[in-house]
Structure formats: C-alpha cells, structure tokens
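Asker: okay, sequence plus prediction incoming.
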Amino acid sequence: MKTVAIRDRILTGPILPTMVHLAWPVMLTAALQALYNLVDAFWLGRLGTAAVAAPGMAWPILFFFMSFAGGFQAAGATFVAQHFGARDQDGAEKAAGQVLAFLSLVSAVLGGVGFALSPTILRLIGAPDDIYPLALLYLRIECLGLPIMFLAHAFGGLMLGLGNTRLMMYLSASSLLFNAALDPLFIFGWGPFPAWGVAGAAGATILSRVLVAVVGLALLFSGRAGIKLRLRNLRPRLARILPILRVGLPNVLDQASTSLGFVVMMGLVSGFGTAVVASYTVGNRIINLVNVISWGAGSALVAMIGQNLGADQTERAERIARRGISATFLALIGLYFVALLLRRPLFGLFVADPDVIRQGAWYIAVFGMSVPFFGLFDGAAATFRGSGHTVPPMVMAIVRLWVLRVFLAWALAYPLGFGTTGMWAGMTLSNVLAGTALVLWLGRGTWKRKVIRAPMEGAVRAAATGS
C-alpha cells in the first residue's frame, strides 16, 4: 500500500529529501490557495475597493471559527501519525473516526453562533460603513458552510498524519480550480447565473469545499486513503475523545487566540480607512504566497516527528526538527527578497488605487522581513504538535499575538504616533521575538515524549517482566 511505503521513507529515508517529498504537495496546495485568494481579489477589485476589503474584514472572524477545525485537525494528525508509525492500524482508524464525529458536531454549533453574531462582531471591530454590508453578507454565507469546511479540513489532517500529502494536493487543487472557475460566474452573473457580487465569491468557496468533503469521505470509507473507516468508528467514545481533547484543546486555544488577535488587528487597521484595509488584505495574500514554504515544511514536520516518535526513533526525530527548521528559515529569506522586488507590480495587478498600492508596497517591505522568523515559529510549533506537546506553541501563540503584536502595533501606531509604519513595525517585532523564543523553548527537549501507547507495548512489557 502506498501509505506504508511513505511510512517506511519517513522512518528510514534521507531527512531533507523526505521532507521535500512530503512538503511540496502542501506547498503547492497552499500556493494555489494563495493564488486563488489573489484571483478572488482580482475579480472583486472590478467591483471596487470596498468589495476587495469585505472578505479581508470577515477573514479574521472566520479564522476564529476555523481555529476549532484546525486545532482538532492537528490533534487528529498527531494521533494518526503516532499510531501509524507504531504500526497500529486499528488505533489510527478509531482516532480518525472520533475526530470526524466530534468536528461535525462542533461545526454545526459554531455555524449557528457565527451567523447570529456576525453583525455584532463586525460592529465591534469597527467595520467602515461602506464595507460593513458586504462583509456581513460574505461572513454569514461562509458561516452556513462551516460544516462542509470542517469536514474538508478534518480529511486534510488525517491525510497529513498518514504522510499522504499528495492525495490532499490533488483534491485541494481540483477544489481551488473549481472555485476559480465559479468566481466570475457567480460574482458578475455570466451565462445563466445571476450577479451575486461579494456573495458569489462566498458561495463559490463553499461549493468548492463540498468537492473535498464528499470525495474525502468516500475515500475514507472505501479504505483507499490508507485507513478504512466504519460507521462504528464514528460513535463517540469518551476514552478516545478525552486524549484528543487533551492534545487538541491547546491547539484550539492557540489558533483561537491567534484569530482573535487578528480580529483586533483588523480593528486597528480599519482605523486608518478603507484604502489601508484593502492594502492590508491584498498584502496578507501576497505574504501568504511566501508563507507556503512554512506551511509545507510544518506539515511535513508534523508527519515525520509524529511517526518517528511513534516508532521510538527519538534521535532521528531530533535531527528532523533541527534540519527542517534551519532549511525553512533560509528558504524564506530568499523568498522575502523576491517579494520585495515584485511588490509594486503584484499590487498593481489587483488594485488600481495608487494609495492602496503605495500603502501595500510599504507593508510588504516592513512586515515581510519578519517572514523568516515566522518560519522559525511555525517549524518549532509543528515539532511540538507532531509530538503531541501542544501547550508550548499555545503559550507562545498567545504571547505573539496579544502581548507582542496587538500591543506593539497599537502603541507604535496610535499613542506614539507612527501611524501605519508603526503598526507594520509592531507586527514585525512580534514574529521576530516569538519565533526566536519558541526555538529556544524547543531546545529544552521536553517535546521528545510521544503521547500514545501502542497496543503491543503492554504485551512486550508484560513478557519482559514475566507477569
């Protein structure tokens, strides 16, 4: 089976080539997502600056809801990886089933809450009057689609745990191409479709996620994805949910605190007007294109660290972490300089407003220099998560966003009077300081203990002691 071959390579193959093998499908998927977001901005830009800014206004709130999916997806990846590395197929399948069932319930609740509270949240973060109605419409449609998004997210995490990143790449690429094709049809009303504007962009996103969710579930229940789910695996089992909660809740708090920090940041950014909101929105999408290196490397580290710790190969896991984080940092330095050179032409592709282009180019120049340090942060966090020790990245994520980013951005931009330059500088310092600190925390070595106990361990221990 292909997943078994991948496991053998993770456990015994050369480290950096194996990491690249696992990471490039995730990088390509993330790049396609970033490119799609830019295409989305391109089409919405034809409707005006407020239309471009509306998804950016809604994004931090959606990120908060999706942090629950991301947190428990990461826990699912950890348990599946460690069970699979320990050659415990049954344990991997049971963990996968519990994660899917739990996320289905959580998504339904969050979707309803998000739909109801969307107006209040947008007003609280100070959405400008020209953006508010568009952002509200976009956000409510996305909230209705949360269950579909959660299922697609969960499937991606399970494939990550197995090391089968290529399958997720094929599905995600198909979904993103489908999304890109639907966008102009739904936004402008081409052909038989009505012109839905910003609502059309949200609807296209949800329909594209249906593809991943449906095909992913079909593959899981057929056994063609490396594990085979049965309906009994979806029945909640407290003994299996509690360990997932123990590992997943710090992930959720990590991502939720991060997303709430982004909500507050959007409130700070919106204080400078629609042009700055638009430049921040497009600028983040360009930065995300650079960050595909971080996300791909982090995903590979989760699978490789998890499976090697599951197989009791602690020294190899340590080498993987050290080499993977160093290679990511160096690659991001190179990509930052590429983005720096191309920042004005890139902005000019998506917006015509010279003020937005000027603000966005400066944003990339200042904040972009912190991207390699975000790579340090993400690589160290992925190592902790792959081992199942999720408290350190949670703590540092809270520190990074709340103690450092929000405070420094606010203080430098408003009381100290440095405006948007101060805000971008505060954001930069948050990545530099937090990335360095989390790597130092990783050096303590507390992450090297796995969080599962494979069924064979008890039997081997009993035989060794004669009990």
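Answerer: Sure thing, it's come through. Numbers count the residues shown, from 1 in each chain.
Asker: quick check: closest non-adjacent residue to the residue nearest the centre of the chain.
Answerer: Nearest to the geometric centre of the chain sits G70, at 6.6 Å (CA atoms, centre = their mean). Of all residues beyond its chain neighbours, the one nearest G70 is Q255 (4.9 Å), with distances taken as CB to CB, 6 or more residues apart in numbering. Every C-beta, even on glycine, is put in place using the N, C-alpha and C of the backbone.
Asker: dump the residue contacts of the one you found.
Answerer: F63, M66, S67, F68, G70, G71, A397 (CB atoms under 8 Å, 6 or more residues apart in numbering).
Asker: tell me the contacts of the last one?
Answerer: This means A397. The contact partners of A397, taken as CB under 8 Å, 6+ apart, are D254, Q255, S257, T258, A381, A434.
Asker: got a markdown table for those residues, with secondary structure, distance to M304 and pLDDT too?
Answerer: Shown next, in a markdown table, are those (DSSP: H, G, I helix; E, B strand; the rest coil; distance: CB to CB, whole Å; pLDDT from 0 to 100):
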| residue | secondary structure | distance to M304 | pLDDT |
| --- | --- | --- | --- |
| D254 | helix | 20 | 80 |
| Q255 | helix | 22 | 79 |
| S257 | helix | 27 | 81 |
| T258 | helix | 24 | 78 |
| A381 | helix | 15 | 94 |
| A434 | helix | 23 | 96 |
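Asker: quick check, nearest of those residues to M27?
Answerer: Among those, A381 lies closest to M27 (CB to CB), at 17.3 Å.
Asker: residues touching that closest one, list them.
Answerer: With CB under 8 Å, 6+ apart, A381 has these contacts: D254, G298, P393, M396, A397, L438.
Asker: out of these, what pair is the most spread apart?
Answerer: G298 and M396, at 14.2 Å, using CB to CB across the contacts of A381.
Asker: when these two are compared, which one has more neighbours?
Answerer: Of the pair G298 and M396, G298 is the one with more neighbours under other CB atoms under 10 Å, namely 26 against 23.
Asker: mind checking what secondary structure the more buried one has?
Answerer: Under DSSP: H, G, I helix; E, B strand; the rest coil, G298 falls in the helix class.
Asker: got the confidence number for it?
Answerer: Per-residue pLDDT puts G298 at 93.
Asker: circling back to that earlier point, can you put the contacts of A381 in TSV and add distance to F102?
Answerer: Shown next, in TSV, are the contacts of A381 (distance: CB to CB, whole Å):
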residue	distance to F102
D254	18
G298	23
P393	21
M396	26
A397	22
L438	28
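Asker: go through the residues you listed and say which is closest to F155.
Answerer: Distance to F155 across the contacts of A381 (CB to CB) is lowest for G298, with 18.1 Å.
Asker: contact partners for the closest one?
Answerer: T328, D378, G379, A381, A382 are the contacts of G298 under CB under 8 Å, 6+ apart.
Asker: what's the closest non-adjacent residue to I121?
Answerer: Take I121 and drop its neighbours on the chain: the residue closest to it by CB to CB, 6+ apart is I61, 5.6 Å away.
Asker: I'd like to know how far the one you found sits from V113.
Answerer: As judged by CB to CB, to the nearest Å, I61 and V113 stand 11 Å apart.
Asker: between these two, what contacts are shared?
Answerer: When contacts are counted by CB under 8 Å, 6+ apart, I61 and V113 have no shared neighbour.
Asker: flag the shaky bits of the chain, pLDDT-wise.
Answerer: The model of the chain has pLDDT under 70 over residues 1-2, 34-37, 452-467.
Asker: try 50 this time
Answerer: Within the chain, the set of residues satisfying pLDDT under 50 comprises 1, 456-467.
Asker: export the contacts of G298 as CSV, with columns for distance to G226 and secondary structure.
Answerer: Converted to CSV, the contacts of G298 look like this (distance: CB to CB, whole Å; DSSP: H, G, I helix; E, B strand; the rest coil):
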residue, distance to G226, secondary structure
T328, 26, helix
D378, 25, helix
G379, 25, helix
A381, 25, helix
A382, 21, helix
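Asker: and these, which are buried?
Answerer: By neighbour count, with 16 or more other CB atoms under 10 Å, the contacts of G298 hold T328, D378, G379, A381, A382 as buried.
Asker: could you identify the most distant pair in these?
Answerer: Largest separation among these by CB to CB: T328 and A381, giving 11.7 Å.
Asker: pull the contacting residues for the closest residue to V198 other than its chain neighbours.
Answerer: Nearest non-adjacent residue to V198, counting by CB to CB, 6+ apart: L134, 4.6 Å away. Residues near L134 by CB under 8 Å, 6+ apart: A50, A51, A54, G197, V198.
Asker: in helices only, show me those residues.
Answerer: Secondary structure defined by DSSP state H assigns A50, A51, A54, V198 of the contacts of L134 to helices.
Asker: closest one of those residues to V351?
Answerer: Distance to V351, by CB to CB, is smallest for A51 among these, at 10.9 Å.
Asker: what is the burial count for that closest one?
Answerer: For A51, the count of nearby residues is 23 (other CB under 10 Å).
Asker: contacts only, for it.
Answerer: Neighbour list for A51: L44, G45, L134, G197, V198 [criterion: CB under 8 Å, 6+ apart].
Asker: among these, name the buried ones.
Answerer: The buried subset of the contacts of A51 (16+ other CB under 10 Å) comprises L44, G45, L134, G197, V198.
Asker: hmm, back to that, tell me the two of the contacts of L134 that are most distant?
Answerer: A50 and G197 (10.6 Å).
Asker: distance to Y414 added to the contacts of A397, as JSON lines?
Answerer: What follows is the contacts of A397, written out as JSON lines (distance: CB to CB, whole Å):
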{"residue": "D254", "distance to Y414": "27"}
{"residue": "Q255", "distance to Y414": "27"}
{"residue": "S257", "distance to Y414": "22"}
{"residue": "T258", "distance to Y414": "22"}
{"residue": "A381", "distance to Y414": "30"}
{"residue": "A434", "distance to Y414": "22"}
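Asker: ranges for the helices of the stretch 1-150 of the chain?
Answerer: Counting by DSSP state H, counting those that start in this stretch, the stretch 1-150 of the chain has helices at residues 2-12, 15-45, 49-85, 89-124, 132-144, 146-162.
Asker: relative to R285, which of these is closest?
Answerer: The closest of those to R285 is helix 15-45. By CB to CB, the value is 4.5 Å.
Asker: tell me which stretches of the stretch 201-350 of the chain form strands.
Answerer: Assigned by DSSP state E, counting those that start in this stretch, the stretch 201-350 of the chain shows no strands.
Asker: show me where it has its helices.
Answerer: 238-270, 274-290, 292-310, 314-350.
Asker: TSV for those, including distance to L404?
Answerer: Listed next are the helices of the stretch 201-350 of the chain as TSV, based on distance: least, CB to CB, whole Å:
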stretch	distance to L404
helix 238-270	10
helix 274-290	18
helix 292-310	18
helix 314-350	19
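Asker: wait, which of those is closest to V403?
Answerer: helix 238-270 (9.9 Å).
Asker: contact partners for G283?
Answerer: Contacts of G283 (CB under 8 Å, 6+ apart): F347, G360, Y363, I364, F367.
Asker: try 6 Å this time
Answerer: Counting by CB atoms under 6 Å, 6 or more residues apart in numbering, G283 touches G360, Y363, I364.
Asker: check L185 too.
Answerer: Here L185 is in contact with F193 (CB under 6 Å, 6+ apart).
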